[in-house]
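# return atomic coordinates for the entry below.
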Amino acid sequence: METHGTRNMRNFGRNFLLLSFALLASAQVPKECSAPPEYPNIRLDKRFTGMQKFSSGEKVYYNCAEDFSGRGSRAAQCAAGRWSQLTLKCEKKSCGNAGELPNGEFQYEGNAILGERVYAICNEGYTLKGFHYLTCKRSGWSGEVPSCVEGEATCSPPAVANSTNSTGAVSVFRVGDHVTFTCSRGFHMDGARQIACGPAALWQPLPPRCLPSSEKKVVGCGVPVTPQGSNANLVMTSVTSGTKVYYECAVGYVPSGGSRYRRCVEGKWTPLLLKCERKLCGSAGEIMNGLFSYTGVQFGDTATAVCDAGHLLVGRATRNCLSSGWDGRVPACEAVVCAELPGATNAEIKELQEEPPYVYRTVLTYHCHVGTLIGPRNIWCTEDGTWSHPAPKCKEITCQAPKVANAYWMGGQSLYKVRETISIECNWGFTKSGPSTVSCGADGRWSPGLPKCTPRRTYWRGY
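From the prediction side, this is the model:
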């Protein structure tokens, strides 16, 4: 008879087998992937847009967005329910180098990518002819390339009908000169009241117009005055009520907050909130055997190379932080050279490790095959390119025969070489005080000093 417990055990076993078969079957079904992930500045190929499921092993392809160029693989693959990491990198297209500007230079706003500008700056004594900047567009640098012509820039007198100006009959205006206009009675001004002669011999902004008062239909704001010290430039001007104008940071400055727009509201411009800070150049580079001394690392700052003691600068010492980064190249600091050996000598250089020319801190060690070294054993190349001491010389040192009264010694030569040793004894009837053995020293003297022989005292006994 089947009990209740037996029946439960049988049901548990059947359910366990069914669950195992189900898990095994599901494990054998390849996992699918959902829609491919999205990336900034990268677009999924149109063939795969709208698809929500992809089989394991299936690939999709990506393309860079418009105005971007790419490097790396365009493919991503579905594997075990996940997409492989996409290695495609898309960077904004660049216009590259704008070329050379004779008698001047181009200063780049950034990395010459689409939408950025390069500004023409003429050398002192030259005037810019043409527009002062080029813009990077898909077709390359736009606009006619400006030029720098010799001579000072001047502007011709501005003509504004139905007006008077603050300069009277001046015929020539230099860069920076201002002219202020006042419209005649019955006319209103359309444009800026004050204009200035710009570096390209053009009035900035354009001269205004004096229109009949009957044509005035809307309240205009005129050209907005850029706040002093804002480091921003006006890009577009308008005098229509409600119209916005926008600003961009000057060359060498980058936005750090605030809106770049201003709006004309009932004849007045809203405040400019754009904040521009100096562009950061970072490190000017590393110099072996030297370093850079900085005034700062932002636009307008300089870095000056300083070499360590015993080294000379090769290259330009100063680098300037420009809008495109540090100009010039990192200079080098090369060791000072002591070109020749320090004079003639009969001493020999021992174990010379370096071949000439001898540079700063090179050490020369001298020794003698015959005789004694007179002078320093070691000399070295100093930081000013001279040797620390003259070269030493070898001299044979001798000691003359010892002069000790009432004494005798072996050998009868008149000169003795350094380190030669003799024994001195007193004659009979004399007593010695001092050393028995002496050696010829490097200074030509007997060491530790000659003894003395003095007569012995004799005592007689009387009878």
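# where does the prediction get shaky in the stretch 101-250 of the chain?
169, 199-200, 214-220, 236-242 (pLDDT under 70).
# mind listing the helices for it?
Secondary structure of the stretch 101-250 of the chain (DSSP state H, counting those that start in this stretch): no helices located.
# Val175: neighbouring residues, count only.
16 (other CB atoms under 10 Å). From N, CA and C alone the C-beta is placed, and that goes for glycine too.
# what are the neighbouring residues in contact with it?
Val175 sits next to 152-155, 197-199, 201 when contact means CB atoms under 8 Å, 6 or more residues apart in numbering.
# any chance of TSV for the residues you listed, columns neighbour count?
As requested, these are exported to TSV (neighbours: other CB atoms under 10 Å):
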residue	neighbour count
Glu152	10
Ala153	20
Thr154	14
Cys155	20
Cys197	22
Gly198	16
Pro199	15
Ala201	19
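# now the residue nearest to the spatial centre of the chain. Nearest residue, chain neighbours left out?
The centroid of the chain falls nearest to Ala284 when counting by CA atoms, centre = their mean (1.8 Å). Here the nearest residue to Ala284 in space, its sequence neighbours aside, is Ala303; by CB to CB, 6 or more residues apart in numbering that works out to 3.8 Å.
# okay, and the one you found sits in which element?
Assessed by DSSP states H and E, Ala303 sits inside strand 302-307.
# can you tell me the SS state at Arg47?
With DSSP: H, G, I helix; E, B strand; the rest coil as the basis, Arg47 sits in helix.
# tell me how many other residues surround it.
9.
# can you tell me the closest non-neighbouring residue to it?
Excluding the flanking residues, the one nearest Arg47 by CB to CB, 6+ apart is Tyr61, at 7.7 Å.
# likewise for Phe299?
Gly252 (3.5 Å).
# can you list the residues that contact stretch 194-210?
Stretch 194-210 is contacted by residues 122, 127-132, 146, 153-155, 158-163, 173-181, 183-184, 187-193, 222-223, 234, 237 when judged by CB under 8 Å, 6+ apart.
# that stretch: end-to-end distance?
End-to-end span of stretch 194-210 (CA to CA, to the nearest Å): 13 Å.
# just stretch 91-108 next, same as before
End-to-end for stretch 91-108, by CA to CA: 18 Å.
# what does stretch 328-337 give?
Span of stretch 328-337 from end to end, CA to CA: 27 Å.
# how about the contacts made by Cys328?
Not Cys; residue 328 is Gly. Gly328 touches 315-316, 318-320, counting by CB under 8 Å, 6+ apart.
# could you dump those into CSV and include secondary structure and pLDDT?
Shown next, in CSV, are the contacts of Gly328 (DSSP: H, G, I helix; E, B strand; the rest coil; pLDDT from 0 to 100):
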residue, secondary structure, pLDDT
Gly315, coil, 91
Arg316, coil, 92
Thr318, strand, 94
Arg319, strand, 94
Asn320, strand, 94
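# please spell out the ChimeraX selection for the buried subset of those.
In ChimeraX, selecting the buried portion of those, with burial taken from 16 or more other CB atoms under 10 Å, looks like this:
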select :319
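# for the contacts of Gly328, work out which two are farthest apart.
Comparing all pairs in those by CB to CB, the longest separation belongs to Gly315 and Asn320, at 14.4 Å.
# ok, Thr226 to Gly96 distance?
31 Å (CB to CB, to the nearest Å).
# no, scratch that, I was asking about Ala161
For Ala161 relative to Gly96 (CB to CB), the value is 46 Å.
# try Tyr247
Distance, Tyr247 to Gly96, using CB to CB: 27 Å.
# what of Val60?
32 Å.
# which one of those two has more residues nearby?
Shown here are Val60 and Gly96; by other CB under 10 Å, Val60 has more neighbours (21 against 11).
# who are the contact partners of the more buried one?
36, 44-45, 48, 54, 75-76, 78.
# which of these has the most neighbours?
Ala76 (24 neighbours).
# my read is that Ala76 contacts Tyr62, right?
Yes. Look at Ala76 against Tyr62 with CB atoms under 8 Å: they come within range, at 7.0 Å.
# and for those two, which residues touch both?
Listed as contacting both Ala76 and Tyr62 by CB under 8 Å, 6+ apart are Leu86.
# okay, now Pro157: neighbour count?
13.
# relative to Thr345, how far out is the residue nearest to it when sequence neighbours are not counted?
Closest residue to Pro157 apart from its sequence neighbours, by CB to CB, 6+ apart: Ser171 at 6.2 Å. According to CB to CB, Ser171 stands 81 Å off from Thr345.
# between those two, who's got more neighbours?
Between Ser171 and Thr345, counted using other CB under 10 Å, the more crowded position is Thr345 (17 against 8).
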